[in-house]
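A.B. asks: I need the structure of the sequence given here:
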Amino acid sequence: MTTTDPFQFRGGETWRDPFGDYRRLRDDHPVHEVDHPDFGRFWVLSRFADVFDAVRDTETFSSAKGLTPGDDAMAMFDDMAAPIVMMDPPEHTAMRRLVNRPMTPRSVSALEPDIRHFVDKRLDQVADSGWQDIVELLFKPLPSFVVAHYLGVPEEDRERFDGWTNAIVSANAEGDITAAPEAALDLFSYASELIALRRSGPREDVVSDLAGDPNVSDLWIVGFIFTMVTGGNDTTTGLLGGAATLLSEFRDQRQALIDDPSLIADSVDELLRLTSPVQNLARTTTCDITIDGVDIPKGQKVLLHYGSANRDEREYGATAAELDVQRNPSRILSLGYGAHHCLGAAAARLQAKVTLEALLRRFPNFDVDPDNATYAPGTFVRRHQSLPFHP
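C.D. replies: Below you'll find the model as predicted:
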């Protein structure tokens, strides 16, 4: 690997504009071998067709050895059950069935009034102010509110839960969840209390469903709670921050949504496509495989580059890098596909829809300042850490 290698792990400032390198990967190195000093040998798939095929083929591309490159991707789970995202069918299918009911689009729609109330209350704070960090004000606390709802966290515990969530998500972005040991320990202890609470008084939430099943261990439920906290927060923050930035860059597309708000719901998938909050995740090959003439041996990590694939001109045409709120892409990889389609997809789409409706209705001429924005550390999720916003 040379110093001009087209692939690099990113974080912080290097997330600002990675798209030229992505295109170089797609055009010249679609199946790219990397010899990384920390993660060792792995391959990167960057074209849509290759990533799309791999993400659906769970027999060949397994999640069971972790979603990051390197041999120690599962080390942190030695003392607990593997998270659902690191299972393959049929185990994954059986566990997903247990947690799916409260997360369906129909179930999620019942939360819309609460989300709308939360968003409006937060936006009340900027109505008469100057520049303000919209991430801290709205884009970060909103997903935490929604995750707490789906886990069944009582209202009186939400402030503590938000504090633990912020600490754990920040540590996870740094690539080391152990960097927030006190928050992790507190949440672990609270999760056990929450399981007991919902076992004695079940409600319409995921923890209640799991706690009521005698075949699901408390340890697995605790692991699922951590999965929800680490996977359901910064991804939605990334979508919202990226969407606000894109709508400031492509003003004609913003105007189209202002002129016809009925377009907003369908525009969310286009915004998901271009933002791709989860930029890449790994799988492990279960057999030798050849992709585009490149041989990948059994037992090797393969990084599925969603951020690149979602901008592939071969799938989306010459305007793939541009926002088109009426594109209505039939296939995107931002929320996974097939067996591993994101459990929180409906909730993420709803949060984006409600937030964009409120922003465009209340502040149709809002500005963001991307040049003075900052990006969070971490190599897998691209999201703003701060984003200056003017109403």
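A.B. asks: and for residue 261, nearest residue in space, chain neighbours not counted?
C.D. replies: Leaving aside its chain neighbours, residue 261 sits nearest to residue 357 (6.2 Å; criterion: CB to CB, 6 or more residues apart in numbering). Bear in mind the C-beta positions are built from the backbone N, C-alpha and C, glycine included.
A.B. asks: give me the element that neighbour is part of.
C.D. replies: Using DSSP states H and E, residue 357 maps to helix 345-362.
A.B. asks: mind giving me the packing neighbours of that helix?
C.D. replies: On a contact count with 3 or more CB pairs under 8 Å, 6 or more residues apart in numbering; DSSP states H and E, helix 345-362 meets helix 105-109, helix 112-124, helix 141-151, helix 234-249, helix 251-259, helix 264-275.
A.B. asks: and the pLDDT for the residue nearest to residue 261?
C.D. replies: At residue 357, the predicted lDDT confidence score is 98.
A.B. asks: and if you look at residue 341?
C.D. replies: Looking at residue 341, its pLDDT stands at 86.
A.B. asks: residue 121 versus that one, what's the distance?
C.D. replies: 32 Å (CB to CB, to the nearest Å).
A.B. asks: the residue nearest to residue 261: neighbouring residues, count only.
C.D. replies: Using other CB atoms under 10 Å, residue 357 has 16 neighbouring residues.
A.B. asks: correct me, but it touches residue 264?
C.D. replies: Yes - because the distance of 5.5 Å satisfies CB atoms under 8 Å, residue 357 is recorded as touching residue 264.
A.B. asks: which residue packs closest to the most centrally placed residue in the chain, ignoring adjacent ones?
C.D. replies: Central residue of the chain (CA atoms, centre = their mean): residue 235, 3.1 Å from the mean position. In this structure, residue 235 finds its nearest non-sequential neighbour in residue 277, 4.2 Å apart by CB to CB, 6+ apart.
A.B. asks: that neighbour: what's it in contact with?
C.D. replies: By CB atoms under 8 Å, 6 or more residues apart in numbering, the contact list for residue 277 reads 234, 235, 236, 237, 238, 239, 242, 334, 381, 382, 383.
A.B. asks: check what pLDDT the first one gets.
C.D. replies: The confidence metric pLDDT takes the value 89 at residue 234.
A.B. asks: wait, it sits on residue 376?
C.D. replies: Yes - with contact defined as CB under 8 Å, residue 234 reaches residue 376; the gap is 6.8 Å.
A.B. asks: more neighbours: which of the two?
C.D. replies: Using other CB under 10 Å as the criterion, residue 234 and residue 376 rank with residue 234 on top: 27 against 23.
A.B. asks: if I look at that one, how far off is residue 383?
C.D. replies: 5 Å.
A.B. asks: between those two, what contacts are shared?
C.D. replies: Common neighbours of residue 234 and residue 383, counting by CB under 8 Å, 6+ apart, are 277, 376.
A.B. asks: so how far is stretch 340-356 off the chain centroid?
C.D. replies: 10 Å (CA atoms, centre = their mean, to the nearest Å).
A.B. asks: just the buried positions in it, please.
C.D. replies: Burial within stretch 340-356, assessed by neighbour count using 16 or more other CB atoms under 10 Å, is assigned to 340, 342-356.
A.B. asks: then stretch 219-232?
C.D. replies: Neighbour-count burial for stretch 219-232, with 16+ other CB under 10 Å as criterion, is recorded at 220-232.
A.B. asks: quick one: which of the residues you listed is nearest residue 52?
C.D. replies: Closest approach between those and residue 52, by CB to CB: residue 231, at 21.1 Å.
A.B. asks: for the closest one, give me its contacts.
C.D. replies: Neighbouring residues of residue 231 by CB under 8 Å, 6+ apart: 85, 344.
A.B. asks: change the start of the numbering to 415 and stick with it
C.D. replies: Okay, residue one is now 415; in that scheme the one you just asked about reads as residue 645.
A.B. asks: how far away is it from residue 675?
C.D. replies: With CB to CB as the criterion, residue 645 and residue 675 are 30 Å apart.
A.B. asks: cool, residue 720 as well?
C.D. replies: Taking CB to CB as the measure, residue 720 falls 29 Å from residue 675.
A.B. asks: out of those two, which sits in the more crowded spot?
C.D. replies: Between residue 720 and residue 675, residue 720 has the larger neighbour count (other CB under 10 Å), namely 28 against 12.
A.B. asks: roughly how far is the helix or strand hosting residue 599 from the heart of the chain?
C.D. replies: Using DSSP H and E, residue 599 falls within helix 595-614. Relative to its chain's centre, helix 595-614 lies at 24 Å (CA atoms, centre = their mean).
A.B. asks: compute the inter-axis angle for it and helix 555-565.
C.D. replies: 40 degrees (axes from the mean of the first three to the mean of the last three CA atoms, to 10 degrees).
A.B. asks: got the buried residues for helix 595-614?
C.D. replies: Within helix 595-614, the residues scored as buried using 16+ other CB under 10 Å are 597, 598, 600, 601, 604, 605, 608, 609, 611, 612.
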